[in-house]
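In: build the 3D model from these lines:
(one chain, ligands or ions: 1)
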Amino acid sequence: MNVLMLLRQKNSIAYCVKENKACVGWVNRYFKDCLCNLSDEFSFAFGLVSLVCWAVAEIPQIITNFRTKSSHGVSLLFLLGWVVGDIFNLAGCLLEPATLPTQLYTAVLYTTTTIILVLQVLYYDYFYRCWKRRDDDSSQEVEEVKKPLRPQKPTDSGIPIPGGTGRSPSRRMDFYFMSARSLAGSSTPPFRSNLRPIASGPSAVGLNHDYSSDDDTVDTPLNISVSQPKPIPRSAGYGVFLATSSGMPHQTKALIVGFGGRKLLQEHGTEHSALGQCLGWMMAAVYMGGRLPQIWLNIKRGSVEGLNPFMFVFALIANVTYVGSILLRSTEWTKIKANMPWLLDAVVCVVLDLFIILQYVYYKYFRKNSSTFNGREYEGAYEQANKN
Ligand SMILES: NC(=[NH2+])NCCC[C@H](N)C(=O)O
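Out: Purely as a prediction, here's the structure:
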């Protein structure tokens, strides 16, 4: 029987067992899925929309980080939750015979984009910031030796110091000079800096204390350490967890030949292992919990600056269509039950993403007017910096 099915599959002749008719050719060929009726077709279409949404979901945030040269708006813990979940999800897709090849495609797709995003966050949060700080510190050292600081008029605050370092000042250095030399006389904090009470002269102003996605913020001392920048630690406190699969629905109406060594399955031959279920629940817990650091970061900062809401809009659509694709394929309780961890995860993530989008609207448009001095000034400087 299996040999016969394999032969049929090889010749691209797949049949719906129930309805005894050929599957949709291209879907069968490229996605190894069999669509027998309209609801299967809708299910597949929803699955495709979900796949496309996941493919693009993180791109807006990557662009925002690139533009602001910072990742202060997005929680690293949230992204790490995704990465760890995705890796186990990927492993689960490869090991679990009940998953479809499309699940594997989706998992590969979003694991890749998430890894790119995390690498970018680490780059801006650690390397870029360290280099920038080192650059600024050495500039300040030379500056302090060569040109003693003079009191600045408030109107001078944005003007770079000509020839101060013996090399052409970059825009980054302009910000630095503005903040280090004359912030005491200016009410405008430097780009992405926290406005703090100024203890003494200009050299006592803390720079580079970015609004960070760090969830364990460590206060930056007011005095800049000229030689060694103090790295801000981040916590990556998720425990080890495993996850299996998500993406397209498990149910198949006809024969499926899986990837590599995966088994040939039939409608009634789909296996749901207890381990797969257990891992599915653990995956769901991590994915759902992963949104909390982001929500908390937004509350803690009282701002959503640097966060791109489209990441959550796409994730929301991806999860809604994902749920639709499962439910449209089958409403049999046994199948819904087997998919429960993935369904529940997607539904809860939709609610949490909706909450984050509302948070965005609130902080961006309503909280703006009543924000504190610090917040207003920060936004002004931020927007000003973006315009330059
Ligand atoms: N890296 C990813 N985008 N992974 C997909 C996570 C899917 C999960 N339902 C969530 O919304 O969190």
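
In: can you pull the residues of the stretch 51-200 of the chain lying near the ligand?
Out: Applying CB under 6 Å from any ligand atom, one finds that the stretch 51-200 of the chain approaches the ligand through Trp54, Trp82, Asp86, Tyr110, Thr114. Yep, even glycine has a C-beta here, placed from its N, CA and C like the rest.

In: what do you get if the cut-off is 5 Å, keeping everything else the same?
Out: Applying CB under 5 Å from any ligand atom, we find that the stretch 51-200 of the chain lies next to the ligand at Trp82, Asp86, Tyr110, Thr114.

In: show me which of those are buried.
Out: Trp82, Asp86, Tyr110, Thr114 (16 or more other CB atoms under 10 Å).

In: what's the most distant pair in these?
Out: Trp82 and Tyr110 (7.8 Å; CB to CB).

In: related to what we said a few turns ago, among the residues of the stretch 51-200 of the chain next to the ligand, name the ones in helices.
Out: Trp82, Asp86, Tyr110, Thr114 (DSSP state H).

In: and the first one, what does it touch?
Out: The neighbourhood of Trp82, defined by CB atoms under 8 Å, 6 or more residues apart in numbering, consists of Tyr110, Thr114, Tyr287, Gly290.

In: secondary structure element for the third one?
Out: Tyr287 is part of helix 274-301 when elements are defined by DSSP states H and E.

In: list the helices and strands that helix packs on?
Out: helix 76-95, helix 340-361 (3 or more CB pairs under 8 Å, 6 or more residues apart in numbering; DSSP states H and E).

In: quick one: low-confidence parts of this structure?
Out: Applying pLDDT under 70 to the chain flags residues 1-13, 92-93, 95-103, 138-273, 368-388.

In: in it, which spans are helices?
Out: Using DSSP H, helices in the chain cover 2-10, 25-31, 38-57, 59-68, 76-95, 101-122, 129-146, 171-182, 274-301, 309-329, 333-338, 340-361, 373-387.

In: please spell out which residues along the fifth one are buried.
Out: It stands for helix 76-95. 76-95.

In: just checking, Thr111 touches Gly85?
Out: No - using CB atoms under 8 Å, Thr111 is not in contact with Gly85; the gap is 9.3 Å.

In: thinking again about what came up before, mind giving me JSON lines with the contacts of Trp82 and columns for distance to Glu58?
Out: What follows is the contacts of Trp82, written out as JSON lines (distance: CB to CB, whole Å):
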{"residue": "Tyr110", "distance to Glu58": "8"}
{"residue": "Thr114", "distance to Glu58": "6"}
{"residue": "Tyr287", "distance to Glu58": "15"}
{"residue": "Gly290", "distance to Glu58": "13"}
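
In: tell me who's in contact with the residue lying closest to Asp86 once chain neighbours are set aside.
Out: Nearest in space to Asp86, with sequence neighbours left out and distances taken as CB to CB, 6 or more residues apart in numbering, is Thr111 at 4.0 Å. For Thr111, the contacting residues are Val83, Asp86, Ile87, Asn89, Leu90, by CB under 8 Å, 6+ apart.
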